[in-house]
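# need coordinates for the following:
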Amino acid sequence: MAKVGIFYGSTEGNTERVCGQLQEALGGEDIAEMHNVQSATADDMEEYENLILACPTWEIGELQEDWDAFIDELDDAELEGKNVTYLALGDADGYPDTFLDAPGIIHERIVDSGANFVGAWPTDGYDFEESKGIVDGKFLGLGIDEDNHPELTQERVDQWATQLKTEMSL
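Below you'll find the model as predicted:
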């Protein structure tokens with residue numbers, strides 16, 4: 001059984017692709033399994049001690065459509081004691097006031113679940129004005145801007161995977 005469940009929503013394929021890069025950086029399918037939230041349930045999360053919730057921010061600070069339909073499943077998920085983090089995609093130039101809001105929206109839903117939140121990522125190197133995805137001065141997880149800085153994606157994914165390997169004891 002894999003140690004990490006990556007639960008993602010992806011309309012145009014960018015989030016799914018970045019999740020695939022992360023899966024490989026963590027050690028492949030034996031370590032991390034990917035689940036599209038379009039067909040997932042809270043029960044699918046049960047078998048993992050580590051969860052990565054991956055969601056792009058759409059329009060003006062909204063959840064991606066599959067995540068919007070899935071978020072109620074989190075009410076039934078048993079997250080107590082699990083390590084949880086977020087992978088977020090957004091467009092800092094086009095939406096600087098709502099950049100990476102999606103993880104903040106999801107986090108509000110599960111902040112009192114008893115989960116252990118890991119994977120905080122520095123905001124240095126990003127140019128935006130506001131984000132619901134920031135707690136204590138850091139992003140809740142990895143932030144990716146494929147629209148404006150795709151050349152930074154692989155390096156950031158690799159660095160974050162190294163961080164997660166330690167924080168999740170992989």
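
# in the longest helix seen in the chain, what counts as buried?
Using DSSP state H, we find that the single longest helix of the chain is helix 153-167. For helix 153-167, a neighbour-count test (16 or more other Cβ atoms under 10 Å) marks Thr153, Arg156, Val157, Trp160, Ala161, Gln163, Leu164, Glu167 as buried. Where you see a C-beta, it was placed from the backbone N, CA and C, and this is true even at glycine.

# of those, closest to Cys19?
Among the buried residues of helix 153-167, Val157 lies closest to Cys19 (Cβ to Cβ), at 9.4 Å.

# so that closest one touches Ala25, yeah?
Yes. Using Cβ atoms under 8 Å, Val157 makes contact with Ala25 at a distance of 5.4 Å.

# in which helix or strand does Gln23 reside?
Here Gln23 is covered by helix 14-26, with elements defined by DSSP states H and E.

# which other helices and strands contact that helix?
strand 4-8, strand 32-36, strand 50-58, strand 83-89, helix 153-167 (3 or more Cβ pairs under 8 Å, 6 or more residues apart in numbering; DSSP states H and E).

# adding distance to Gly119 and mean pLDDT, write these out as a markdown table.
Putting those into a markdown table (distance: least, Cβ to Cβ, whole Å; pLDDT from 0 to 100) gives the following:
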| stretch | distance to Gly119 | mean pLDDT |
| --- | --- | --- |
| strand 4-8 | 11 | 98 |
| strand 32-36 | 13 | 98 |
| strand 50-58 | 8 | 97 |
| strand 83-89 | 3 | 98 |
| helix 153-167 | 6 | 98 |
